[in-house]
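K.L.:
Based on what follows, work out the 3D shape:
(one chain, ligands or ions: 2)
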Amino acid sequence: MASNSNGSSANGFKLPEIKFTKLFINGRFSDAISGNTLETRDPRTGNVITSVAAGDKEDVNLAVKAAREAFDHGKWPRMSGYERGRIMTRFADLIEQNVDELAALESLDAGKLFFLTKIVDIKASADALRYFAGAADKVHGETVKIAGEFQGYTLREPIGVVGHIIPWNFPSIMFFSKVSPALAAGCTMVVKPAEQTPLTALFYAHLAKQAGIPDGVLNVVTGFGSTAGAAIASHMDVDKVSFTGSTAVGRLIMEAAARSNLKAVSLELGGKSPLIIFDDADVDMAVDIARTATFFNKGEVCMAGSRVYVQEGIYDQFVKKIAESMKNWKVGDPFDPHVHQGPQVDKKQYEKVLEYIEHGNREGATLLTGGKPCSEQGYYIEPTIFVDVKEDMLIAQDEIFGPVMSLMKFKTIEEAIEKANNTKYGLAAGIVSKDLNIANRMSRSIRAGTIWINCYLVLDTDCPFGGYKMSGFGKDNSMHALEKYFQTKTVVTPIYNSPWL
Ligand code: NAP
Ligand code: MG
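P.N.:
Ligands and ions are numbered 1, 2, ... in the order given. As a prediction, this is how the structure comes out:
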């Protein structure tokens, strides 16, 4: 395992120099007014990578002021969708030109696998910009025929100044799943990245300016949730907050919006998604899908399928095969291309996951694999699978957000439906079966925003993504996401002397 956190190499890989550590407000990098900073750490070691500006309420006020000015008087909302799209496409090109540096920064800050970050996260970021760039000039209102001598039409207008508050597990993807549709709609914005992973967001601010996005349109305020985040959520001049994070903080955001200016809110929250494997499944394929569903990105995935239900006919075979398959699952330095799983994002998450594992042991579940930390330093945890899990155990109910699978057995399809829905969340679900009738019935019966059949975690900018129940409301990705950043105005006018209407 590499021990270098802010030096020059990891596994022979040249780590990037950290170029951007200040707030980005009105087109300029600046220190926080208070002069405060926060440390961002390398989860491979726990060592400090660098300090970045810790913005607070006063900094958010400045950023919102800049965004307000850019919205009320600037050219971004007033230029054609086509022009905005051209600039966004340039932004995407710049991301691709800097892909190695961006992927390395993201891996360093969040412990994500470098080679996957490059081909998944950074690519998806540029793709999202291009998708919404293409949509920016294809937005139309309607004409309305009104009874009597009137006619009406609707205008699709950008909603205004948007606050985007995002988490640390997919820092780049989250940034662009929010920023891209908002830019396309003609909004101006303030982004608050998670305190654990501020580095790529600041780099994107720099690239936005290079691409020609006017000053004030895209501001980035790094800082803590309880200060900078809360200031955005309660700001009287922010017209909408788009949030991704925990259900608990989502509730705070809604409360703050309700208590301030009733700003529009959309929430992408947590999950505890079921993966249901039927007797007719190909067991090897089911094992692969289950590993991806639970352990991808070290389990730090909101739609992780970590409640795995296996039908009784293949349960024993499945347990044997998944235990066997985990023997070649490598945990280690995320810059090593042979590694499957890097470190948890920070000490707090690492300790939280280990506490859940402890809880599982105390509640009487049995460890099939893992269950322990697996390094002297850094936040590495063994991929952990529990069997003998009961529905009401905390490990089967709570979102652990780490590499922990709960394996359970079921008999009938009715029981599978009931168990799948036995959660306050509704973000996603997976079904493994060759029987189309089973797959169809399950997909219609599960209350969740995304259903994967014989696959898991397959996402695309063109697929709406978001939760049911306490997993939130409002979609990211697809043309549904664009809707969140518009409001509709109806214009009515009389038409005189037009009896042919
Ligand atoms: P979190 O604690 O809810 O934080 C998310 C963001 O909100 C961070 O930027 C955080 O700032 C900020 N924040 C915290 N308290 C705030 C407050 N009082 N007012 C305004 N903003 C505040 O979530 P997390 O632990 O970083 O991320 C993990 C959670 O996010 C999981 O529950 C996961 O399921 C969910 N998630 C959902 C999706 C989805 O698409 N549905 C995607 C990814 C993650 P700090 O960084 O300073 O805490
Ligand atoms: Mg970090």
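
K.L.:
Can you list the low-confidence ranges for this structure?
P.N.:
The chain contains residues with pLDDT under 70 at 1-13, 498-501.

K.L.:
At the contact with ligand 1, which residues of it appear?
P.N.:
165-169, 192, 194-195, 224-226, 229-230, 233, 244-246, 249, 252-253, 268-271, 302, 399, 401, 427, 467 (Cβ under 6 Å from any ligand atom). From N, CA and C alone the C-beta is placed, and that goes for glycine too.

K.L.:
Next one: Asn422 from ligand 1, what distance?
P.N.:
Distance of Asn422 to ligand 1, given as Cβ to the nearest ligand atom, to the nearest Å: 18 Å.

K.L.:
contacting residues around the residue lying closest to that residue once chain neighbours are set aside?
P.N.:
With Cβ to Cβ, 6 or more residues apart in numbering as the criterion, Asn422 has its nearest non-adjacent residue at 6.2 Å, and that residue is Glu391. Listed by Cβ atoms under 8 Å, 6 or more residues apart in numbering, the contact partners of Glu391 are Gln397, Met408, Lys419, Asn422.

K.L.:
so how far is Ile453 from the last one?
P.N.:
What that stands for is Asn422. Counting by Cβ to Cβ, to the nearest Å, the separation of Asn422 from Ile453 is 20 Å.

K.L.:
Ligand 2 contacts on this protein?
P.N.:
Contacts of the chain with ligand 2, taken as Cβ under 5 Å from the ion, map to Thr40, Arg41, Asp109, Gln196.

K.L.:
how about a cut-off of 6 Å?
P.N.:
Neighbours of ligand 2 within the chain, by Cβ under 6 Å from the ion: Thr40, Arg41, Asp109, Gln196, Thr197.

K.L.:
from what I can see the third one touches Asn169, true?
P.N.:
In other words, Asp109. No - between Asp109 and Asn169 there is no contact under Cβ atoms under 8 Å: 11.5 Å.

K.L.:
Tell me which of the residues of the chain next to ligand 1 fall in helices.
P.N.:
Under the assignment DSSP state H, those contribute Ala230, Ala233, Val249, Leu252, Ile253 to helices.

K.L.:
before we move on, the earlier item: separation between the residue nearest to Asn422 and Ile87?
P.N.:
Relative to Ile87, and taking Cβ to Cβ, Glu391 is found at 51 Å.

K.L.:
Other residues contacting stretch 74-89?
P.N.:
70-71, 129-130, 132-139, 158, 180, 183-184, 186-188, 211-214, 216-217.

K.L.:
Tell me if the residue nearest to Asn422 really is in a helix.
P.N.:
No - Glu391 sits outside any helix when classified using DSSP: H, G, I helix; E, B strand; the rest coil, being coil.

K.L.:
Make sure Phe296 is indeed in a helix.
P.N.:
Yes - the assignment for Phe296 (three-state DSSP) places it in a helix.

K.L.:
Which residues are in contact with it?
P.N.:
Ala304, Leu457.

K.L.:
Next, work out how far apart it and ligand 1 are.
P.N.:
Distance from Phe296 to ligand 1, by Cβ to the nearest ligand atom: 13 Å.

K.L.:
wait, which of the residues of the chain next to ligand 2 is closest to Phe486?
P.N.:
Thr197 (29.2 Å; Cβ to Cβ).

K.L.:
Quick one: classify that closest one as helix, strand or coil.
P.N.:
Under three-state DSSP, Thr197 comes out as coil.

K.L.:
close enough to count as contact, it and Glu106?
P.N.:
Yes - the pair Thr197 / Glu106 is scored as a contact, 7.4 Å apart, by Cβ under 8 Å.

K.L.:
Narrow the residues of the chain next to ligand 1 to those that are buried.
P.N.:
165-169, 192, 194-195, 224-225, 229-230, 233, 244-246, 249, 252-253, 268-271, 302, 399, 401, 427, 467 (16 or more other Cβ atoms under 10 Å).

K.L.:
Show me where the stretch 301-450 of the chain has its strands.
P.N.:
Assigned by DSSP state E, counting those that start in this stretch, the stretch 301-450 of the chain shows strands spanning 307-311, 366-369, 384-387, 404-410, 425-426, 428-432, 450-453.

K.L.:
tell me the most buried of these?
P.N.:
strand 428-432 (a mean of 29; mean count of other Cβ atoms under 10 Å).

K.L.:
How far does that one sit from its chain's centre?
P.N.:
19 Å (Cα atoms, centre = their mean, to the nearest Å).

K.L.:
now it and strand 307-311, what's the angle there?
P.N.:
In terms of direction (axes from the mean of the first three to the mean of the last three Cα atoms, to 10 degrees), strand 428-432 departs from strand 307-311 by 20 degrees.
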